[in-house]
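Visitor: I need the structure of the sequence given here:
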Amino acid sequence: MQDQLPFRAGILNIMKYSVEVKEGVVHERTSTDYELDLYVGGNRTMEINGSRYDIEAGSVVFRRPGDHTLASGSYNCYTLTLDFSGQKKPLYGKYDRNDPANSVQEKSNNALLELIPSHFMTANLSEYIQIYDRLCYQFGNVDSAGADTVLLNRLFFLVLSNVCHTLYSSVEESRDSRVLTETCKYIQENFHCDISIKELADNVSFSPSYFFKVFKRLANTTPAEYLISVRLSNAKLLLLESDLAVAQVAERCGFHDASYFSYYFKKNFGIAPSEYRLTQKRIN
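Guide: Purely as a prediction, here's the structure:
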């Protein structure tokens, strides 16, 4: 299922911290990876590739490999460092994006990433904080040998989907590009419900046949397969964070038959839901 998600990335590191910077001190660096940072406080000025931005609570900064940054001012933020190349290892808390020895990863050919600007203000800061907190929790509760990359990619896609949704509300985008972001957002918000192809198509004002064709071309998967991947990823989260019975987890994630849920869970992750929960508890 991971290879079928529109955004295929590995998390190299995610951190939350506050930094006090003396007045007049300017930090200069060139990014070697993809970086998606959320600012929740402070007062910072940043120049990325010659463009100047005022950074405050609610700012999101997106940098690509090779981007040059000059920054000054104190800040409170989440930093998220990502690998779209599949060539780097996360090192779980030990990866330093500022290490000059880091190699520059190849840029992704995912066209949707190019729609994200270097800086924008969030439409809903609390929603972003919830996503980043969940990413921090999951990243800190897996071991380097058994990282839950499917769930991490699922949570990261929530961020990018939200980013794209914000952009689409302010600029006119092509109909086909809107299909992917609007549909993924709709599924993420309603995965626990019964969702039909017609319902998804109606949501973007397309015919079911044309909607199916466009979604599959852009996402490299069908709407039904993507829906299952979202349900399974949320089921993993519930198995880790709650004491709900497997049947209850299945119901809350849109699987009305526990045996059907267990079948798909084992098919995609190679382990039964109950065994997965026990294994993760032993690891942590």
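Visitor: okay, CA-based contacts and neighbour counts for the rest of this
Guide: Noted.
Visitor: got any ranges where the stretch 1-150 of the chain has weak pLDDT?
Guide: Residues of the stretch 1-150 of the chain meeting the criterion pLDDT under 70: 1-8, 90-93, 111, 141-150.
Visitor: show me where it has its strands.
Guide: Taking DSSP state E, counting those that start in this stretch, the strands of the stretch 1-150 of the chain run over residues 10-19, 27-30, 34-48, 51-55, 59-63, 68-83, 119-121.
Visitor: of all the ones you listed, which lies closest to Phe215?
Guide: Nearest to Phe215 among those is strand 10-19 (23.2 Å), distances taken as C-alpha to C-alpha.
Visitor: partner strands of that closest one and their direction?
Guide: Using DSSP bridges, strand 10-19 pairs in its sheet with strand 68-83 (antiparallel).
Visitor: let me have the strands of the stretch 1-150 of the chain in TSV, extended by mean neighbour count.
Guide: Output for the strands of the stretch 1-150 of the chain, formatted as TSV (neighbours: other C-alpha atoms under 10 Å):
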stretch	mean neighbour count
strand 10-19	18
strand 27-30	14
strand 34-48	20
strand 51-55	16
strand 59-63	21
strand 68-83	20
strand 119-121	18
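Visitor: and those strands as a markdown table, adding distance to Glu251?
Guide: As requested, the strands of the stretch 1-150 of the chain are exported to a markdown table (distance: least, C-alpha to C-alpha, whole Å):
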| stretch | distance to Glu251 |
| --- | --- |
| strand 10-19 | 29 |
| strand 27-30 | 47 |
| strand 34-48 | 33 |
| strand 51-55 | 42 |
| strand 59-63 | 35 |
| strand 68-83 | 32 |
| strand 119-121 | 36 |
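Visitor: nearest to Ile195, out of those?
Guide: Closest approach to Ile195 among the strands of the stretch 1-150 of the chain (C-alpha to C-alpha): strand 10-19, 29.0 Å.
Visitor: tell me what angle the closest one forms with strand 34-48.
Guide: Between strand 10-19 and strand 34-48, the angle comes out at 40 degrees (axes from the mean of the first three to the mean of the last three C-alpha atoms, to 10 degrees).
Visitor: now strand 10-19 - C-alpha only, CSV.
Guide: Output of strand 10-19 as CSV, limited to C-alpha atoms (Å, rounded to 0.1, in the frame of the first residue of the first chain):
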residue,chain,number,x,y,z
GLY,A,10,10.6,8.6,4.4
ILE,A,11,11.0,10.7,7.5
LEU,A,12,14.6,11.4,8.3
ASN,A,13,13.9,13.3,11.4
ILE,A,14,11.2,15.3,13.2
MET,A,15,11.7,17.6,16.2
LYS,A,16,9.9,20.2,18.2
TYR,A,17,12.0,22.9,19.9
SER,A,18,12.4,26.5,20.8
VAL,A,19,15.5,28.5,19.9
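Visitor: great, nothing more from me.
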